[in-house]
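1. Test case, fold it:
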Amino acid sequence: MKIYLIPGLGADKRMYAHQLKILPNAIVLEHLEPIKGETIPQYAARMAKGIDTSLPFSLVGTSLGGIVTMELSRMLKPEKIVIMASIKNRREMPAFIRSMSVLNLHRLIPGSQFKRFNKLMVKRLDSRGDSPAAAIIKQMTDDVSPEFIDWAINAIVNWYPPDDYRSDIVHIHGTNDHLFPIHKITNSIAIINGSHVMNMTMSYEVNKALLKALE
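-> Numbers count the residues shown, from 1 in each chain. The predicted model follows:
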C-alpha cells in the first residue's frame with residue numbers, strides 16, 4: 001500500500017525526516033504554487049493529481065497538510081486517513097482563527113511577518129535543546145514564499161468543510177499544541193507534551209502512534 005505524506009504550512013519533505021525512516025517508501029506530496037483566490041478544496045483537487053489511485057493508498061497530513069488531507073478524503077478513497085497536529089472541521093478551529101473570517105484580521109499578518117514569528121519559535125526550540133528540529137524549521141521558513149503563506153492563512157481562515165468526514169480517521173494530537181489546542185479536538189490520540197511540531201521533536205512517540213494507525 002502506498003502512503004502519501006502532506007506537509008504543513010511553510011514546510012516540505014524535510015519536516016518528515018523521522019517519519020521517512022520508518023516509512024522509507026512513502027511519497028511526500030510537496031505543496032503547489034497556489035492560484036489567486038483558490039480555496040482549499042480547489043487546491044486539494046490539484047494535489048490529488050499526484051496520487052496514484054489505481055493502487056491502495058493511505059494519506060497522512062500534518063497541520064495544513066491535515067486540512068488538505070480532509071478534503072482529499074472526500075474526493076478519493078484512501079484505505080486509511082491519519083492527520084497530525086491538525087483539525088478535522090471548523091468546530092476544532094480555535095475561536096481566534098474563526099473570527100478572522102469575519103474581521104479580516106489575518107490580512108494584517110503578511111507572510112513576511114509569519115516568517116519572523118516562525119524564527120522566534122526556532123529560537124525557543126533551540127534554547128530547549130531541540131537544535132536539529134530548530135535548524136530544519138529555520139531552513140524551511142527561509143525557503144517558503146511569503147505569497148504561499150498569505151494564500152494558506154487566508155484559505156484556512158475561510159475553510160468551511162462539511163461534517164461528513166469518515167468515522168475511521170486517526171487523529172494524532174499533542175497536548176501542548178498551542179495553535180490547535182487539544183481541548184477543541186475530538187477523538188484524538190494524545191501525545192503527552194507534544195507541540196505543534198511534535199513529529200520533529202517527539203518522533204519516537206509520534207512514529208509509534210503512526211505505525212499503529214497504519215498497520
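
2. For this protein, which segments count as strands?
-> Per DSSP state E, the chain carries strands over the ranges 2-6, 27-28, 57-62, 81-84, 170-174, 188-191.

3. Can you show me the helices along this protein?
-> Here the chain has its helices, by DSSP state H, at 17-22, 40-47, 64-75, 95-103, 111-127, 131-143, 146-157, 198-201, 203-214.

4. Out of the ones you listed, name the one with the poorest average pLDDT.
-> Looking at the helices of the chain, the lowest mean pLDDT belongs to helix 111-127 (a mean of 54).

5. neighbours of the spatially closest residue to Ile3 that is not a sequence neighbour, just the number please.
-> Closest residue to Ile3 apart from its sequence neighbours, by Cβ to Cβ, 6 or more residues apart in numbering: Ala26 at 4.3 Å. No exception for glycine: its C-beta is placed from N, CA and C like everyone else's. As a burial measure, Ala26 scores 17 neighbours (other Cβ atoms under 10 Å).

6. if we can go back for a sec, distance to Asn158 added to the strands of the chain, as TSV?
-> Formatted as TSV, the strands of the chain follow (distance: least, Cβ to Cβ, whole Å):
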stretch	distance to Asn158
strand 2-6	19
strand 27-28	26
strand 57-62	19
strand 81-84	19
strand 170-174	22
strand 188-191	24
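
7. So which residue of the protein lies furthest out from the middle?
-> Ser54 (25.2 Å; Cα atoms, centre = their mean).

8. Show the pLDDT at that one.
-> pLDDT, Ser54: 95.

9. For Lys77, see how far away it is.
-> Separation of Ser54 from Lys77 (Cβ to Cβ, to the nearest Å): 12 Å.

10. With Gln19 instead?
-> 23 Å.

11. cool, Met93 as well?
-> Met93 is 26 Å from Lys77, by Cβ to Cβ.

12. which one of the two has more residues nearby?
-> Shown here are Met93 and Lys77; by other Cβ under 10 Å, Met93 has more neighbours (20 against 10).

13. Need the nearest residue in space to the more buried one, chain neighbours excluded.
-> Distance criterion Cβ to Cβ, 6+ apart; nearest residue to Met93, sequence neighbours excluded, is Ile87 at 5.5 Å.
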